[in-house]
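In: I'd like to go over a predicted model; first the sequence, then the structure.
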Amino acid sequence: MLSAFANPHRFLALSKWLAPVFYLLGAGLIAWGLWQGLYVVPKDEVQGGDIMRVMFVHVPAAWLAMASYTAMASASFVWFIWRHELADIAAKAIAPLGAVWTALCLATGSIWGKPTWGTWWQWDDARMMSVLFLFFLFLGYMALRAAMDSRQKAARAGAILAMVGAINVPLIKFSVDLFTSLHQDSSVLTAEGPKMAAVYLWPLLMSGLGHSLLFGAMVMTLMRAEIWTRRAARQRARLLAGA
């Protein structure tokens, strides 16, 4: 069953039409969420007035930062246990995109934090530092893979780092509960349900879905490129061996 879904031929056939759909839907939802956030929803003086509108980029970026690392670690686990090539290709494709969304989370968080908390950055803040560490994990994963002299070594070293680093994801989620932090408590994903008013919640959720679809489309694009690159490398190797 798992092998059927891990078949590169099936993935190429599926992603050929699915990726454009994700691009279109993702861009549309992000545009709608930004329009709602910038021009429709009322400002919230408690969250800094108009600057709180950065929430419609910052929060989806934070969700994607954690979700992308979880996906990378999960794909690494699948490769490590079952050696499915497509899982390694997925992990490799997720890493640079995860780094971009994590950097976006850090940047927009600082922009929002300055007028709200009076500071761009707080070095002893558990949430900020754990997200920064997540960013370095993405960079470290890519650097480690690039330093290996073979694809197999790169996949193995990267998988181990990704799986070990996954412990940081729940730390990010629960850091505001476990440690002193300037960051507010969760207001969307809570045991009691969302604490946010619907006028903010729905545009935020749609924006988050849009970012997720765009992320998925870009992952599929990078995976397709990597599959064709590996096929081309194997073909060159066969031609050189035949010569």
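Out: Right, received. Where do you want to start? Because the structure is predicted, anything quoted here is derived from the model rather than measured.

In: drop to CA atoms for contacts and neighbour counts, all remaining ones
Out: OK.

In: just the element for residue 176, please.
Out: helix 168-178 (DSSP states H and E).

In: apart from its chain neighbours, what residue comes closest to residue 156?
Out: Spatial nearest neighbour of residue 156, chain neighbours left out: residue 80 (6.9 Å); criterion: CA to CA, 6 or more residues apart in numbering.

In: doesn't the one you found fall inside a helix?
Out: Yes - under DSSP: H, G, I helix; E, B strand; the rest coil, residue 80 sits within a helix.

In: surely it and residue 158 touch.
Out: No - using CA atoms under 8 Å, residue 80 is not in contact with residue 158, being 9.9 Å away.

In: sorry, back to before: how near is the residue nearest to residue 156 to residue 206?
Out: 34 Å (CA to CA, to the nearest Å).

In: nearest residue to the middle of this structure?
Out: Residue closest to the average C-alpha location in the chain (CA atoms, centre = their mean): residue 68, at 3.2 Å.

In: hmm, that residue is touching residue 96, no?
Out: No - Residue 68 sits out of contact with residue 96 when judged by CA under 8 Å, with a separation of 10.0 Å.

In: report the mean confidence score over stretch 70-85.
Out: In this model, stretch 70-85 has a mean pLDDT of 97.

In: mind listing what's buried along that stretch?
Out: 70-80, 84-85 (16 or more other CA atoms under 10 Å).

In: please produce TSV containing those residues, extended by secondary structure.
Out: Output for the buried residues of stretch 70-85, formatted as TSV (three-state DSSP):
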residue	secondary structure
70	helix
71	helix
72	helix
73	helix
74	helix
75	helix
76	helix
77	helix
78	helix
79	helix
80	helix
84	coil
85	helix
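
In: any chance of these in JSON lines with distance to residue 117 as columns?
Out: Below are those laid out as JSON lines (distance: CA to CA, whole Å):
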{"residue": "70", "distance to residue 117": "30"}
{"residue": "71", "distance to residue 117": "32"}
{"residue": "72", "distance to residue 117": "33"}
{"residue": "73", "distance to residue 117": "33"}
{"residue": "74", "distance to residue 117": "35"}
{"residue": "75", "distance to residue 117": "38"}
{"residue": "76", "distance to residue 117": "38"}
{"residue": "77", "distance to residue 117": "39"}
{"residue": "78", "distance to residue 117": "42"}
{"residue": "79", "distance to residue 117": "43"}
{"residue": "80", "distance to residue 117": "43"}
{"residue": "84", "distance to residue 117": "47"}
{"residue": "85", "distance to residue 117": "46"}
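
In: run a quick neighbour tally on residue 137.
Out: 21 (other CA atoms under 10 Å).

In: mind checking the SS state of it?
Out: Going by three-state DSSP: residue 137 is helix.

In: from residue 186, how far off is it?
Out: As judged by CA to CA, residue 137 and residue 186 stand 24 Å apart.

In: next one: residue 42
Out: From residue 42 to residue 186 the distance is 20 Å (CA to CA).
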